[in-house]
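K.L.:
Need coordinates for the below:
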Amino acid sequence: MTRRSTLAGVLALSTGLTLAGCSSSDAPELKVMGAFMPQPVNDMAAAFLVVRNDGGSSDRLTSVTSPLSDDVTIHETKNQAMRMVTSFDVPAGGELDLERGGNHIMFMKLKQQPKQGETVSVELHFEKAGPMKVDLPVKETTHNPKKQ
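P.N.:
Down below sits the predicted model:
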């Protein structure tokens, strides 16, 4: 092996590692924490969770799907009024907090009534990151982790 081919190999390897390092640190790195659904009392339900982004770029939650309902939307709450939105930002190095009294996931026309102790499957869809499956434990109707 010549000195020139060895140098070319070392340069190619270090360039590849540098590019890989840049691309992975610039990508969103999402994880979900604290997910739950209060036990519904009618044919509607809400879900709450935190999406943490430890990556170097922001992302957006664009939709949620679930076998529990064909009508799952994301809602923001401002001035005690809620309205459907098309997406939520998940900032780089930050969190999207869907919580009681604030932004949340809304299920309409439930196909069944989940009970406390069961889980509800959802799939979160993001603009950049791939879909993420999450199991929501069904808690008592009044459950609020922020007040414990």
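
K.L.:
Disregarding residues adjacent in the polypeptide, which is nearest to the residue positioned nearest the centre of the chain?
P.N.:
Centroid-nearest residue in the chain, with Cα atoms, centre = their mean: V51, separated by 4.6 Å. Distances taken as Cβ to Cβ, 6 or more residues apart in numbering place L96 nearest to V51, at 4.3 Å, with adjacent residues excluded. (C-beta placed from N, C-alpha, C; glycine too.)

K.L.:
The one you found: what's it in contact with?
P.N.:
V50, V51, N53, L61, F88, D89, V90, N103 (Cβ atoms under 8 Å, 6 or more residues apart in numbering).

K.L.:
Quick one, which of those residues are buried?
P.N.:
Buried subset of the contacts of L96 (neighbour count, 16 or more other Cβ atoms under 10 Å): V51, N53, L61, F88, V90, N103.

K.L.:
Can you give me the buried ones in stretch 114-133?
P.N.:
Buried, per 16+ other Cβ under 10 Å, within stretch 114-133: P114, V120, V122, L124, H125, F126, A129.

K.L.:
List the beta-bridge partners for the third one.
P.N.:
What it means is V122. Applying DSSP bridges to V122 gives these bridge partners: V134.

K.L.:
which residue sits closest to T62, ignoring its sequence neighbours?
P.N.:
Computed as Cβ to Cβ, 6+ apart, the closest residue to T62 that is not its neighbour in sequence is S87, at 4.8 Å.

K.L.:
Tell me, how many residues neighbour the one you found?
P.N.:
Per other Cβ atoms under 10 Å, the neighbour tally for S87 reads 14.

K.L.:
Pull the contacting residues for it.
P.N.:
Neighbour list for S87: R60, L61, T62, I74, E127 [criterion: Cβ under 8 Å, 6+ apart].

K.L.:
now with 7 Å?
P.N.:
R60, L61, T62 (Cβ atoms under 7 Å, 6 or more residues apart in numbering).

K.L.:
Fine, thanks again, bye for now.
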